[in-house]
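Q: coords below, sequence missing:
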């Protein structure tokens, strides 16, 4: 038996590009590694409202191999001297505050990768500076538009589980080896799973459930020779329910990434979004099959609907990171709110700092 989600005001992906934007937003990247190549440039090229000018490249000059008409900038200053409207700060976390501050002071709009900053104070300063300068500042939380989370959000919206008692989100993998990227494995303010996968999990929880009353966190190092945290267990305390967030490098047999239990029933969903894998294979965003995962990864619902027990699959909604960039375009061109605001980024950092404090003190921290 299959439950059909009650999707209201859904965007038809076929209609996304029917209206050609009047204004081109000139955009530059601050890095063309995996993030720039996989998550940003393909959508900036695909969206008719953006013009990709190029990227700051320190050593390897790669962007022109994929986009021959763009520039490779030698310095951040050369980017900011350009006639650029929007700058994507997609460099290591420890540099986000410094670079984003320079971008905002130059009067440019900004997208900042996660983790937004390394501290709450830095996040609040950037949010205040963007407001002072009258520019848009958005945090790149693309996983709000994963097929998994979109489906979870719709299940909650439909109310088929009743009042939520508990939810548990996982971002697990099996990889005992250290990353070859030195900035990820060197002890610094921006390194570690809490500021890598943690912002995704925390942002998703806050997006769905709002800000909690208190937080308990346990942060560990589990890989041999690791200098940075690689295992996190976070509990968010709400008035009538709890949300648990976990990430580990030692989960060889995956469990459902999304587990929701309500007073009427449960919903279990494995992680299945295909966008990152497709982008890594150099597949280009499109309007038809993009973001549609395999039916084998559909979630299972077991609940009561209209007095009858329902136990079966729920078709997964289509994921689309394009929606984030479309939201950024509208925020700049039409002065709407950013798809993920700077204040959203501040709240995530507040949770991260509370988790660090809780783990050190081995007790819950009130917010």
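A: Perfect, thanks for sending it. Keep in mind that this is a model prediction, so the values were computed, not measured.

Q: for stretch 171-189, which outside residues touch it?
A: For stretch 171-189, the external contacting residues (Cβ atoms under 8 Å, 6 or more residues apart in numbering) are 92-94, 118-119, 190-191, 196-197, 200-201, 223-228, 246-252, 254-255, 257, 271. Any C-beta I mention is one placed from the backbone N, CA and C, and that applies to glycine too.

Q: what about the helices in the stretch 151-300 of the chain?
A: Remark: helices assigned in the stretch 151-300 of the chain by DSSP state H, counting those that start in this stretch are 182-185, 198-209, 275-280.

Q: what of the stretch 1-150 of the chain?
A: Going by DSSP H, counting those that start in this stretch, the stretch 1-150 of the chain shows helices at 34, 41-46, 63-66, 76-80, 96-105, 120-133, 147-158.

Q: list the contacts for the residue nearest the centre of the chain?
A: Note on the chain: the residue nearest the mean C-alpha position is residue 141, at 2.5 Å, using Cα atoms, centre = their mean. Going by Cβ under 8 Å, 6+ apart, residue 141 touches 114, 199-200, 203, 207, 324, 340, 344.

Q: repeat that with 6 Å
A: Shown in contact with residue 141 (Cβ atoms under 6 Å, 6 or more residues apart in numbering): 203, 340.

Q: do the same with the one 3 residues further on
A: For residue 144, the contact set (Cβ under 6 Å, 6+ apart) comprises residue 207.

Q: what's the separation between it and residue 70?
A: The gap separating residue 144 from residue 70 is 28 Å, by Cβ to Cβ, to the nearest Å.

Q: buried stuff in the host helix or strand of residue 328?
A: Secondary-structure element containing residue 328, defined by DSSP states H and E: helix 322-333. Buried residues in helix 322-333, counted by 16 or more other Cβ atoms under 10 Å: 322-332.

Q: and the average pLDDT for it is what?
A: The pLDDT scores in helix 322-333 average 97.

Q: contacting residues for the nearest residue to residue 138 once chain neighbours are set aside?
A: Using Cβ to Cβ, 6 or more residues apart in numbering and skipping residues adjacent in sequence, the residue nearest residue 138 is residue 338, 3.9 Å away. By Cβ under 6 Å, 6+ apart, the contact set of residue 338 is 136, 138, 331.

Q: repeat that with 7 Å
A: Residues in contact with residue 338 (Cβ atoms under 7 Å, 6 or more residues apart in numbering) are 136-138, 327-328, 331.

Q: pretty sure it sits in a helix.
A: No: using DSSP: H, G, I helix; E, B strand; the rest coil, the assignment for residue 338 is coil, not a helix.

Q: in the longest helix seen in the chain, what counts as buried?
A: Counting residues, the longest helix found in the chain (DSSP state H) is helix 342-361. Neighbour-count burial for helix 342-361, with 16+ other Cβ under 10 Å as criterion, is recorded at 342, 344-356, 358-359.

Q: and residue 28, bridged to which residues?
A: Beta-bridge partners for residue 28, by DSSP bridges, are residue 54, residue 87.

Q: find the nearest non-adjacent residue to residue 211, please.
A: Excluding the flanking residues, the one nearest residue 211 by Cβ to Cβ, 6+ apart is residue 347, at 6.0 Å.

Q: quickly note the distance from the one you found to residue 252.
A: From residue 347 over to residue 252 the distance is 33 Å, taken as Cβ to Cβ.

Q: ok so, going back, how about the buried residues of helix 322-333 in TSV, adding distance to residue 66?
A: Below are the buried residues of helix 322-333 laid out as TSV (distance: Cβ to Cβ, whole Å):
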residue	distance to residue 66
322	18
323	23
324	21
325	17
326	22
327	25
328	21
329	21
330	26
331	27
332	24
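
Q: domains of this protein?
A: As assigned by automatic domain parsing, the chain contains the domains 20-142+324-340, 144-320+350-366.

Q: can you give me the end-to-end span of the last one?
A: In domain 144-320+350-366, first residue to last residue: 26 Å (Cα to Cα, to the nearest Å).
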